[in-house]
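**Student:** My questions are about this predicted structure, shown below with the sequence.
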Amino acid sequence: RAHVNDVTPWRRRSLLSLAAAAFSAEQRFTLFSSHPDSLRSLNVFRGSSLFVLHRLGEGPASAALAMAEDEDLMPSLSSDQTRSSSELAPPEGLCWGSVLSCLLLACSYVGSLYIWKSDLPRDHPSVIKRRFTSVLVVSALSPVFVWAWKEFTGIQTGPSLLALMGIRFEGLVPAVILPLLLTMVLFLGPLIQLAMDCPWGFIDGIKVAVDPRFWALCASDMRWLRNQVVAPLTEELVFRACMLPMLVPCAGPPTAIFTCPLFFGVAHFHHVIELLRFRQGTISGIFLSAVFQFSYTAVFGAYTAFIFLRTGHLVGPVLCHSFCNYMGFPAVSTALEHPHRLTVLSFYVLGVLLFLILLFPMTDPLFYGSPTPVCTLTSTLGSLCS
């Protein structure tokens, strides 16, 4: 300040540029922070710059002119911020398009099960085979729904359509192993209970698992194929791989995780129709069963949606779905009556605790290629995507 009047032209121009930066910094700064300490420091800087302008005998107009001349050195942050915000702003009608697309996809999937008229129950082999055909056709056409949604809403995506749907090679090996292992940890109690009650020894179980005749026998069973192969593959493809890319840009990852299972849970209400049709229980019992199944499938759907979002792969949710179909809902009542009740219940609790501890570490996107493709559809990477 003591020598501010005795400056060279070059220094004078530099001081003017500095003052110009101070005049525009307040407007720019509020785009990023409103912390009182930060604004207080900004005011001190701005006050010092006004003092410089006063001693130089210049006004704000000179500072503005100097800033215009130094545009290459000091680009406008506010214009960049505005442009970035406009790029991330969701297109008009995005949410309506996303929800309607998901609803249409869910109705198409469930409706395909009833295009075949038959008086036979759902577990009859001929009924299962016909439903295989219709469900596989809808599943094969499901990427068209995502493509049409993308064209209708104008969403610009970096990853390819297949990558958004979890069909990619990056991080494939961890995606096969870690989510399934995590799900097995959750079912630690039922697995220990099953091992205690199984008449086979461990070596006998390994021999059966590697015997091709065992798998040939399974493949010939239509119910096994439905529960362990076709249902997990088609349901995860339709209700996770296709719906999540449409819901994430509209609702964000956390909301999408809990919205997507609602379509999945409602889709299982069609079982009520068949139970009532074949009078398999009382009306109140059937509806209570339907409510329980909706709740269970909704929670499970949120879990597999979480896995899909974190890993960016379809294979993990499919394997977890198949495993859970095999295990069924944990038989807690049977565990309470087990001869080794204390041991079994201890493993139930241990499994849940380990699952909660390992949930985020074992699904860390760094294992699968961060950020995962579906996470690139959101403007902010929250804890679910990082």
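**Tutor:** Looks like it arrived, so ask away.

**Student:** Could you use CA atoms for every contact and neighbour count after this?
**Tutor:** Noted.

**Student:** P174 and F258, how far apart?
**Tutor:** Distance of P174 to F258, given as C-alpha to C-alpha, to the nearest Å: 25 Å.

**Student:** Please read the previous query as pertaining to R310.
**Tutor:** From R310 to F258 the distance is 14 Å (C-alpha to C-alpha).

**Student:** How about E170?
**Tutor:** 26 Å.

**Student:** next one: L366
**Tutor:** 23 Å.

**Student:** still on that earlier bit, of R310 and F258, who's got more company?
**Tutor:** Ranked by neighbour count (other C-alpha atoms under 10 Å), R310 and F258 place R310 first, with 30 against 17.

**Student:** mind listing what the more buried one touches?
**Tutor:** T363, D364, P365, T372, L384, C385 (C-alpha atoms under 8 Å, 6 or more residues apart in numbering).

**Student:** Which ones among the residues you listed map onto helices?
**Tutor:** Among the contacts of R310, no member falls in helices (DSSP state H).

**Student:** from those residues, which is closest to P212?
**Tutor:** Ranked by distance to P212 (C-alpha to C-alpha), the contacts of R310 are led by T363 at 32.3 Å.

**Student:** Give the closest residue to that closest one in space, chain neighbours not counted.
**Tutor:** In this structure, T363 finds its nearest non-sequential neighbour in R310, 5.8 Å apart by C-alpha to C-alpha, 6 or more residues apart in numbering.

**Student:** does the one you found sit in a helix, a strand or a coil?
**Tutor:** Using DSSP: H, G, I helix; E, B strand; the rest coil, the structure places R310 in helix.

**Student:** From T372, how far off is the one residue sitting closest to the centre of the chain?
**Tutor:** In the chain, the centroid-proximal residue (C-alpha atoms, centre = their mean) is L309; its distance is 2.8 Å. L309 sits 7 Å away from T372, going by C-alpha to C-alpha.

**Student:** and for these two, which residues touch both?
**Tutor:** In contact with both L309 and T372: C385, using C-alpha under 8 Å, 6+ apart.

**Student:** got the contact list for F239?
**Tutor:** A106, C260, P261, F263, F264.

**Student:** I meant to write L288 there.
**Tutor:** Counting by C-alpha under 8 Å, 6+ apart, L288 has no contacts.

**Student:** What pLDDT is listed against it?
**Tutor:** Looking at L288, its pLDDT reads 81.

**Student:** Report the distance from the one helix or strand it maps to to the chain centre.
**Tutor:** Assigned by DSSP states H and E, L288 belongs to helix 283-311. Centre-to-centre, helix 283-311 and its host chain are 16 Å apart (C-alpha atoms, centre = their mean, to the nearest Å).

**Student:** Kindly report the same for stretch 156-168.
**Tutor:** Counting by C-alpha atoms, centre = their mean, stretch 156-168 is centred 13 Å from the centre of its parent chain.

**Student:** what about P339, how many residues close to it?
**Tutor:** 10.

**Student:** before we move on, what SS does it have?
**Tutor:** Classified using three-state DSSP, P339 is coil.

**Student:** and it, how far is that from M196?
**Tutor:** From P339 to M196 the distance is 10 Å (C-alpha to C-alpha).

**Student:** Spit out the residues that contact those two alike.
**Tutor:** Residues touching both P339 and M196 (C-alpha under 8 Å, 6+ apart): none.

**Student:** tell me the contacts of the residue nearest to the centre of the chain?
**Tutor:** Each residue near L309 by C-alpha under 8 Å, 6+ apart is listed here: L244, P253, T372, V374, C375, L384, C385.

**Student:** Of the residues you listed, which is the nearest to C95?
**Tutor:** Among these, L244 lies closest to C95 (C-alpha to C-alpha), at 12.4 Å.

**Student:** What mean pLDDT does whichever strand or helix holds that closest one get?
**Tutor:** Using DSSP H and E, L244 maps to helix 243-251. Computed over helix 243-251, the mean pLDDT rounds to 92.

**Student:** which strands and helices sit next to that helix?
**Tutor:** Helices and strands touching helix 243-251, by 3 or more C-alpha pairs under 8 Å, 6 or more residues apart in numbering; DSSP states H and E, are helix 94-111, helix 125-153, helix 253-267.

**Student:** Dump the last one to CSV, restricted to CA.
**Tutor:** Okay, so that is helix 253-267. Taking Å, rounded to 0.1, in the frame of the first residue of the first chain, the C-alpha atoms of helix 253-267 are listed here in CSV:
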residue,chain,number,x,y,z
PRO,A,253,-30.1,-43.6,-6.7
PRO,A,254,-31.5,-43.8,-3.1
THR,A,255,-35.2,-43.3,-4.2
ALA,A,256,-34.8,-45.5,-7.2
ILE,A,257,-33.6,-48.4,-5.0
PHE,A,258,-36.8,-48.3,-3.0
THR,A,259,-39.1,-47.4,-5.9
CYS,A,260,-38.0,-50.2,-8.3
PRO,A,261,-39.1,-53.0,-5.9
LEU,A,262,-42.6,-51.7,-5.7
PHE,A,263,-43.1,-52.7,-9.4
PHE,A,264,-41.5,-56.1,-8.5
GLY,A,265,-43.7,-56.6,-5.4
VAL,A,266,-46.9,-55.7,-7.2
ALA,A,267,-46.0,-58.0,-10.1
